[in-house]
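J.: got a predicted structure here, sequence first:
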Amino acid sequence: MSESPETPLVQVDNLDKHFSGSARFMGRSRSVLHAVDDVSFSIDRGETLGLVGESGSGKSTLARCVVRLHHLSAGRVLFDGEDISTMSTRQLRPYRSRMQFIFQDPFASLNPRRRVVSIIAEPLIVTGGQSHHDAHDAARELMVRVGLDPRHADRFPAQFSGGQRQRIGVARALALRPEFVVCDEPVSALDISIQAQVINLLADLQDELGLTYLFIAHDLSVVRHVSDRVAVMYLGRLVELAPTEDLYYAPRHPYTRALLDAAPVADPDKRSTTSVLAGEIPSPLHPPSGCRFRTRCPRAQELCAREVPPLDPIDEGHLVACHFPLEAPRVQLRSSSQQ
């Protein structure tokens, strides 16, 4: 394995994930759901890549493909320079401890019949090979690390609040000391007052442990605070990828602009109405030809129906998949690294 800092920890090349459905009538071909189509990106060590898009855009499916919870239909995933795309379950075993998942619903992802200490300790026993005694001691230490009282280790998940249950999920994900963690909408099921606490916890753990995150969310304000770069997904494809402040200050894809305009603001009078999305996201069973956003895009032209726009650089580090991208502001925002 390569430990070169130039090698991304995660690299995704032309990833496809399609699901086949049953034929509706005898003799007709099966329908194919295009969940993810031709997606490519990389994540450097210690980086947080935010992934945003409407429900049904393929974010969670993509994440599950990256950590090989789904088989790929095409393309490849490299982890620390090694191609894990076609590895068997046995071959993947050494990588499982290095890649972990924090799920959206902290209650549904925890076994309600098991005590918290047992839930957190299970990876250490099953994968780490530790004794029950040592694993339970380590589980209590993890509870302290994520801000939980270890005296409550013998309680059941239902005896904890939503925010505390998500901390349990974080502790379980950290048990095997992973390098890469997928956070699949980890705060969307929590009260707003609790969201900031969990986000701050994830940021602190990243600093302490050198973690790399793929952070999935539909709330753009959350993603802005946690991400180094942001990827925008629409109907199975990436449409924009840029450093966080560049994307928020100067979005170049009409879909990204519409998402930003739809985000809640403290002052309703300051809400932009220039890019309100019309209509529903099309079915991934029958995606539009060419650009998939064209059926809802105010800038769509004939070319958009004929050709799929490639995800190409438009500025340094800023990629966009659009035949007619938005103009950038005349005065570009300087990133914190340039100031």
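T.: Perfect, thanks for sending it. The structure displayed is predicted, hence computed values, not measured ones.
J.: so what's the residue nearest to the spatial centre of the chain bridging to?
T.: Geometric centre of the chain, nearest residue: I216, 3.0 Å, by C-alpha atoms, centre = their mean. Beta-bridge partners of I216, counted by DSSP bridges, are L51, D184.
J.: student question: in the protein, what's the helix or strand with minimum average pLDDT?
T.: Every helix and strand in the chain was compared by mean pLDDT, DSSP states H and E; the lowest is helix 220-226, with a mean of 89.
J.: what sits up against that one?
T.: Contact with helix 220-226 is made by 48, 50, 52, 187, 195, 199, 202-203, 213, 215, 217, 230, 244, 248, 259-260, 263-264, as judged by C-beta atoms under 8 Å, 6 or more residues apart in numbering. No exception for glycine: its C-beta is placed from N, CA and C like everyone else's.
J.: now it: buried residues?
T.: Across helix 220-226, burial judged by 16 or more other C-beta atoms under 10 Å covers L220, V222, V223, R224, V226.
J.: distance between stretch 73-80 and the chain's centre?
T.: Here the centre of stretch 73-80 is set off from its chain's centre by 16 Å, with C-alpha atoms, centre = their mean, to the nearest Å.
J.: buried residues, that stretch. List them.
T.: Of the residues in stretch 73-80, S73, G75, V77, L78, F79, D80 count as buried by neighbour count, 16+ other C-beta under 10 Å.
J.: in the longest helix seen in the chain, what's buried?
T.: When the chain is parsed with DSSP state H, its longest helix is helix 192-209. For helix 192-209, the neighbour count (16+ other C-beta under 10 Å) marks I194, Q195, Q197, V198, I199, L201, L202, L205, Q206 as buried.
J.: equivalent analysis for stretch 311-318, please.
T.: Using 16+ other C-beta under 10 Å as the test for burial, stretch 311-318 gives L311, I314, H318.
J.: could you find the closest non-adjacent residue to the second one?
T.: This means I314. Nearest residue to I314, sequence neighbours excluded (C-beta to C-beta, 6 or more residues apart in numbering): V320, at 4.9 Å.
J.: touching, that neighbour and A328? I think so.
T.: No: between V320 and A328 there is no contact under C-beta atoms under 8 Å: 10.4 Å.
J.: now the buried residues of stretch 73-80 in CSV, please, with extra columns for distance to G129.
T.: Formatted as CSV, the buried residues of stretch 73-80 follow (distance: C-beta to C-beta, whole Å):
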residue, distance to G129
S73, 34
G75, 33
V77, 27
L78, 27
F79, 22
D80, 22
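J.: between those residues, which is nearest R165?
T.: Nearest to R165 out of the buried residues of stretch 73-80 is F79 (C-beta to C-beta; 28.7 Å).
J.: give me the element H34 is part of.
T.: Taking DSSP states H and E as the definition, one finds H34 inside strand 32-43.
J.: all the helices of the stretch 1-150 of the chain, in order from the start?
T.: Ranges of helices in the stretch 1-150 of the chain, per DSSP state H, counting those that start in this stretch, are 59-66, 89-96, 116-126, 132-145.
J.: out of these, which comes closest to P284?
T.: Nearest to P284 among these is helix 59-66 (9.7 Å), distances taken as C-beta to C-beta.
J.: elements contacting that closest one?
T.: Using 3 or more C-beta pairs under 8 Å, 6 or more residues apart in numbering; DSSP states H and E as the contact test, the elements touching helix 59-66 are strand 10-20, strand 32-43, strand 48-52, strand 180-184, strand 212-217.
J.: how about TSV for these, with mean pLDDT added?
T.: TSV is the format used below for the helices and strands packed on helix 59-66 (pLDDT from 0 to 100):
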stretch	mean pLDDT
strand 10-20	96
strand 32-43	95
strand 48-52	97
strand 180-184	96
strand 212-217	96
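J.: distance to V117 added to those, as CSV?
T.: CSV is the format used below for the helices and strands packed on helix 59-66 (distance: least, C-beta to C-beta, whole Å):
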stretch, distance to V117
strand 10-20, 31
strand 32-43, 32
strand 48-52, 29
strand 180-184, 21
strand 212-217, 26
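J.: and the nearest residue to R93 once chain neighbours are set aside, its phi and psi?
T.: Nearest non-adjacent residue to R93, counting by C-beta to C-beta, 6+ apart: T127, 7.9 Å away. When read as degrees, to the nearest 10, the backbone of T127 gives phi -100, psi -40.
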